[in-house]
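Trainee: Curious how this folds, go ahead:
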Amino acid sequence: MVKDDRKEIAELYKKLAEATKEVGNLSVQNADYSQIVGELSNKLKKYENKYGAVFTKGSSNKTE
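Mentor: Numbers count the residues shown, from 1 in each chain. Got it, this is the predicted structure:
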């Protein structure tokens, strides 16, 4: 019984380590995407300052 418990604990630690690595990777990925969004937002603001609003309410070209 004790061997089974130790084996289960070892497996859980392994899963925890994998999950921790995944969270770290996702945090880095999130930071990368946040930087990209920030850069694109700045570019959009510069464009709007130069040429006017790009996205306005009701400017969609949906065909319904």
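Trainee: host element of the residue nearest the centre of the chain?
Mentor: Taking Cα atoms, centre = their mean, the centroid of the chain lies closest to residue 30, which sits 3.5 Å from it. In this assignment (DSSP states H and E), residue 30 forms part of helix 2-51.
Trainee: I'd like the average pLDDT over that helix.
Mentor: Over the span of helix 2-51, the pLDDT mean works out to 96.
Trainee: Centre of the chain to that helix, how far?
Mentor: Relative to its parent chain, helix 2-51 has a centroid offset of 6 Å by Cα atoms, centre = their mean, to the nearest Å.
Trainee: Would you mind pulling up the elements that it packs against?
Mentor: Applying 3 or more Cβ pairs under 8 Å, 6 or more residues apart in numbering; DSSP states H and E, we find helix 2-51 packed against no helix or strand. To be clear about C-beta, it is placed using only N, CA and C from the backbone, and glycine gets the same treatment.
Trainee: Against residue 36, how distant is the residue nearest to the centre of the chain?
Mentor: Residue 30 is 11 Å from residue 36, where distance means Cβ to Cβ, to the nearest Å.
Trainee: Also residue 28?
Mentor: Using Cβ to Cβ, residue 28 is found at 13 Å from residue 36.
Trainee: Same question for residue 45.
Mentor: Computed as Cβ to Cβ, the residue 45 to residue 36 distance reads 15 Å.
Trainee: Using PDB, write out every CA atom in stretch 42-56.
Mentor: Extracted in PDB, the C-alpha atoms of stretch 42-56 (Å, rounded to 0.1, in the frame of the first residue of the first chain):
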ATOM      1  CA  ASN A  42       0.000  52.200 -31.300                       C
ATOM      2  CA  LYS A  43       0.300  51.900 -35.000                       C
ATOM      3  CA  LEU A  44      -3.500  52.100 -35.300                       C
ATOM      4  CA  LYS A  45      -3.500  55.300 -33.200                       C
ATOM      5  CA  LYS A  46      -0.900  56.900 -35.400                       C
ATOM      6  CA  TYR A  47      -2.800  55.900 -38.500                       C
ATOM      7  CA  GLU A  48      -6.100  57.300 -37.000                       C
ATOM      8  CA  ASN A  49      -4.300  60.500 -36.100                       C
ATOM      9  CA  LYS A  50      -3.000  60.900 -39.600                       C
ATOM     10  CA  TYR A  51      -6.000  59.700 -41.700                       C
ATOM     11  CA  GLY A  52      -9.000  59.700 -39.300                       C
ATOM     12  CA  ALA A  53     -11.000  56.900 -37.600                       C
ATOM     13  CA  VAL A  54     -10.600  53.500 -39.100                       C
ATOM     14  CA  PHE A  55     -13.100  51.600 -37.000                       C
ATOM     15  CA  THR A  56     -16.400  53.400 -36.200                       C
END
